[in-house]
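Q: quick one, structure for this:
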Amino acid sequence: MLNFRKLFKSFGYALEGLHYSFKYNQNIKIHTLVALIILIAGFLLKLTRSDFFDVCILIVLVLAAEMINTSIEEVINLLVNEHRLEAKIAKDVSAGMVLLISILAAIIGIFIFLPHILSFFK
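A: Below you'll find the predicted structure:
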């Protein structure tokens, strides 16, 4: 049987995590600003529904990767007080994940937006 009270608490914790991420994480703020600019550009360039959907998926992937990165960094900060190579590696690999996903999103974004931009200037 579903425990709805526990379920609602879980949603509350998830919302707290989103709130923390967007309030205190500088990189998520930057990604969000870029995402808003991209969404506005998508509306102005009249992206197809499919293209717009793809862009939204990419935005969520980048934000989710940044949140995973933040989680990993916070746990490492909690567990490791001194500078350790293993902690650095974990943080660097986590940041690399965000970079990799962001680069992929940018490349796919170029393929999605470029035809619309070129037709806009014709």
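
Q: any idea how far the helix or strand of the chain with the lowest mean pLDDT is from the chain center?
A: Sorting the helices and strands of the chain by mean pLDDT, DSSP states H and E puts helix 4-24 at the bottom, at a mean of 92. How far helix 4-24 lies from its chain's middle: 17 Å, per CA atoms, centre = their mean, to the nearest Å.

Q: what residues of it count as buried?
A: For helix 4-24, burial by neighbour count (16 or more other CB atoms under 10 Å) applies to residue 21. Bear in mind the C-beta positions are built from the backbone N, C-alpha and C, glycine included.

Q: ok, and what's touching it?
A: Applying CB atoms under 8 Å, 6 or more residues apart in numbering, the contact partners of helix 4-24 are 28, 29, 32, 66, 67, 70.

Q: quick one, helices of this protein?
A: 4-24, 26-44, 49-79, 85-120 (DSSP state H).

Q: residue nearest the centroid of this structure?
A: The residue lying closest to the centre of the chain (CA atoms, centre = their mean) is residue 63, at 1.0 Å.

Q: how about the contacts made by it?
A: 28, 31, 32, 35.

Q: try residue 25
A: Contacts of residue 25 (CB under 8 Å, 6+ apart): 66, 67, 70.

Q: hmm, try it at 10 Å
A: Contacts here follow CB atoms under 10 Å, 6 or more residues apart in numbering; on that basis residue 25 touches 31, 32, 63, 66, 67, 69, 70, 73, 74.

Q: highest neighbour count among those?
A: Within the contacts of residue 25, most neighbours by other CB atoms under 10 Å means residue 66, with 24 neighbours.
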